[in-house]
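Trainee: Next one to model:
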Amino acid sequence: MVIGFSIALIVFSLLLMMLVLMHKGKGGGLSDMFGGGMQSSVGGSSVAERNLDRITIVIGLLWFACIVALGILMKLGN
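Mentor: Below is the predicted model:
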């Protein structure tokens, strides 16, 4: 069981990193260094950006649930 949650945690961690890096920069900071600051959107966030936000939140919650489950399993195992 612990191995399954550990593998899931690794997969969710990689997915979360990719999803966070895919987000559009909101100005200033590290995103400008890679060219994210040159584009400006007049109409707010697009449908794709909102869907990316939702997917990122779901993957983040699953990542957190894996950490909690692993903590509980490790505590019960001792």
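
Trainee: quick one: low-confidence parts of the chain?
Mentor: 26-45, 78 (pLDDT under 70).

Trainee: Check the offset of the longest helix along the chain from the chain's centre.
Mentor: Under DSSP state H, the helix in the chain containing the largest number of residues is helix 47-77. Relative to the chain's own centre, helix 47-77 is displaced by 8 Å; criterion: Cα atoms, centre = their mean, to the nearest Å.

Trainee: Repeat that for stretch 10-17.
Mentor: Here the centre of mass of C-alpha atoms in stretch 10-17, compared against the chain's by Cα atoms, centre = their mean, lies 7 Å away.

Trainee: Just the CA coordinates for stretch 60-78, please, in PDB.
Mentor: The C-alpha coordinates for stretch 60-78 follow below in PDB (Å, rounded to 0.1, in the frame of the first residue of the first chain):
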ATOM      1  CA  GLY A  60      -2.700  19.500  -6.100                       C
ATOM      2  CA  LEU A  61      -5.500  18.100  -3.900                       C
ATOM      3  CA  LEU A  62      -4.700  14.600  -5.000                       C
ATOM      4  CA  TRP A  63      -1.000  15.300  -4.200                       C
ATOM      5  CA  PHE A  64      -1.900  16.500  -0.700                       C
ATOM      6  CA  ALA A  65      -4.200  13.500  -0.100                       C
ATOM      7  CA  CYS A  66      -1.300  11.100  -1.100                       C
ATOM      8  CA  ILE A  67       1.000  12.900   1.400                       C
ATOM      9  CA  VAL A  68      -1.700  12.600   4.200                       C
ATOM     10  CA  ALA A  69      -2.300   8.900   3.400                       C
ATOM     11  CA  LEU A  70       1.400   8.100   3.400                       C
ATOM     12  CA  GLY A  71       1.800   9.900   6.700                       C
ATOM     13  CA  ILE A  72      -1.100   7.900   8.200                       C
ATOM     14  CA  LEU A  73       0.200   4.600   6.800                       C
ATOM     15  CA  MET A  74       3.700   5.300   8.100                       C
ATOM     16  CA  LYS A  75       2.400   6.100  11.500                       C
ATOM     17  CA  LEU A  76       0.300   3.000  11.700                       C
ATOM     18  CA  GLY A  77       3.100   0.900  10.400                       C
ATOM     19  CA  ASN A  78       5.400   1.700  13.400                       C
END
